[in-house]
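In: give me a 3D structure for the following:
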Amino acid sequence: MNLPVQVDQKQLMDILLNVGTVRPVFIWGAPGIGKSAIVEQFAKDLGLECVSLLGSQLAPEDIIGVPQITDGRSVFCPPRSIARDEPYCLFLDELNACSHEVQKAFYSLILERRIGEYHLPEGSIIIGAGNRAQDNAITRPMSSALLNRMFHVEMTANSRIWLEWAPQNNIHRYVYDYICSRPDHLWAQPPKTEEPFSTPRSWHMLSDAIQSYGDHISEANLSLLAHGCLTSAHATQFVAYVRQVRCKYSVKRIIDGEQRWPERAEDRDVLYFLAQSFRSQLVKELPPTRNQLSGSARTLAHRAKELLVELAEISLEIAQMAITPEDDKALPSWFIVEAAKDIPNLVGKRK
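Out: Reported below is the predicted structural model:
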């Protein structure tokens with residue numbers, strides 16, 4: 001499923017409050033971005049118990065129940081987990097991972113809120129969720145009949161909202177501060193091979209693990225934890241970030257001339273992270289066109305060229321990386337052109 005419009009966590013909660021209370025909603029999204037947590041919070045806000053069923057582990061009888069003979073007639077008895085007396089929120093997680101036979105068992109439940117002779121209590125809510133085929137998760141094609149019984153919405157990770165949530169949920173300061181500086185690392189496309197990848201859930205796991213070890217965790221253990229939770233490139237840069245913090249390096253202090261780039265060979269990973277952070281700051285603060293330059297941005301642009309020269313003297317490769325487009329975030333073209341013209345003069349002056 002690829003919907004043309006995606007929503008963040010807050011927008012999804014608004015949809016659930018307005019649509020989910022009157023119609024079944026299906027939430028599409030990558031693994032680990034918080035679909036289950038949103039549904040649980042939604043149910044809690046409404047004062048409803050959230051009952052979760054995992055589609056990939058269900059058989060048809062887990063939905064429709066088993067027959068019993070009553071007064072000479074067979075009656076299907078739905079399972080205790082579904083047949084309740086009070087209204088509740090039924091969360092069908094990984095619904096698009098169940099077999100077609102199980103999907104058929106959900107037809108009347110989702111459309112009519114009924115299983116055999118049992119009807120869900122008035123006020124009950126049904127929400128489904130599942131991963132997308134492109135996420136390399138277990139998925140099966142959803143039948144058109146089941147698909148058409150629900151309202152569909154696609155959720156994406158939003159770093160700003162996650163950073164609002166993190167302080168109230170005991171996220172370790174290393175993790176919080178790192179995502180502040182590299183919000184683009186909150187989520188990564190799941191790889192085609194079997195290896196960890198970055199999601200809000202995996203950053204939360206890393207935070208919990210660091211909390212368990214304590215702030216004095218060794219660099220070796222920190223690297224082990226990071227590479228066990230995150231995309232490899234993100235893990236490497238996260239460890240470098242922590243080294244930078246412990247060594248008290250700061251991009252701001254480097255820009256302000258209070259510090260120099262680290263020059264030691266053993267600090268190359270820290271240098272790489274600082275250069276990435278430096279580049280991210282330029283992307284954020286330099287305007288797309290030169291005629292939009294403010295006084296502070298003009299000063300930053302001039303200082304940035306000097307720092308690129310200093311960086312190239314330590315590592316030409318890292319200096320080139322600092323001005324190379326990354327994903328969809330490129331430095332303004334006017335700055336690249338000016339840097340190409342001005343840097344040779346700056347180099348001459350230093351000599």
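In: ok, Ser315 touching Asp267?
Out: No. Taking contacts as C-beta atoms under 8 Å, Ser315 lies outside contact range of Asp267: 10.6 Å. (Glycine included, C-beta is placed from N, CA and C.)
In: show me where the stretch 251-351 of the chain has its strands.
Out: Taking DSSP state E, counting those that start in this stretch as the criterion, the stretch 251-351 of the chain contains no strands.
In: low-confidence ranges, this structure, go.
Out: For the chain, the stretches with pLDDT under 70 are 1, 64-68, 72, 74-76, 325-329, 344-351.
In: that one - how does it break down into domains?
Out: Annotated domains of the chain cover 6-156, 165-246, 248-351 [automatic domain parsing].
In: how about these in a markdown table, adding mean neighbour count?
Out: Below are the domains of the chain laid out as a markdown table (neighbours: other C-beta atoms under 10 Å):
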| stretch | mean neighbour count |
| --- | --- |
| domain 6-156 | 17 |
| domain 165-246 | 17 |
| domain 248-351 | 15 |
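In: in three-state terms, label the closest residue to Pro191 other than its chain neighbours for me.
Out: Of all residues not flanking Pro191 in the chain, Phe197 sits nearest, at 5.7 Å (C-beta to C-beta, 6 or more residues apart in numbering). Phe197 falls in the coil class when you classify it by DSSP: H, G, I helix; E, B strand; the rest coil.
In: residue contacts, Phe197?
Out: 188-191, 230-231 (C-beta atoms under 8 Å, 6 or more residues apart in numbering).
In: rerun that using 7 Å as the cut-off
Out: 188, 190-191, 231 (C-beta atoms under 7 Å, 6 or more residues apart in numbering).
In: helices and strands around the helix or strand containing Gln11, which ones?
Out: According to DSSP states H and E, Gln11 maps onto helix 9-15. Here helix 9-15 touches helix 35-46, strand 151-155, going by 3 or more C-beta pairs under 7 Å, 6 or more residues apart in numbering; DSSP states H and E.
In: contact partners of the longest one?
Out: Contacts of helix 35-46 from elsewhere in the structure, counted by C-beta under 7 Å, 6+ apart, are 9, 12-13, 16, 20, 27, 29, 49-50, 89, 91, 93, 127, 129, 155.
In: got it, and the last one?
Out: With C-beta under 7 Å, 6+ apart as the contact definition, strand 151-155 has outside contacts at 1, 3, 6-7, 12, 15, 19, 23-29, 33, 35.
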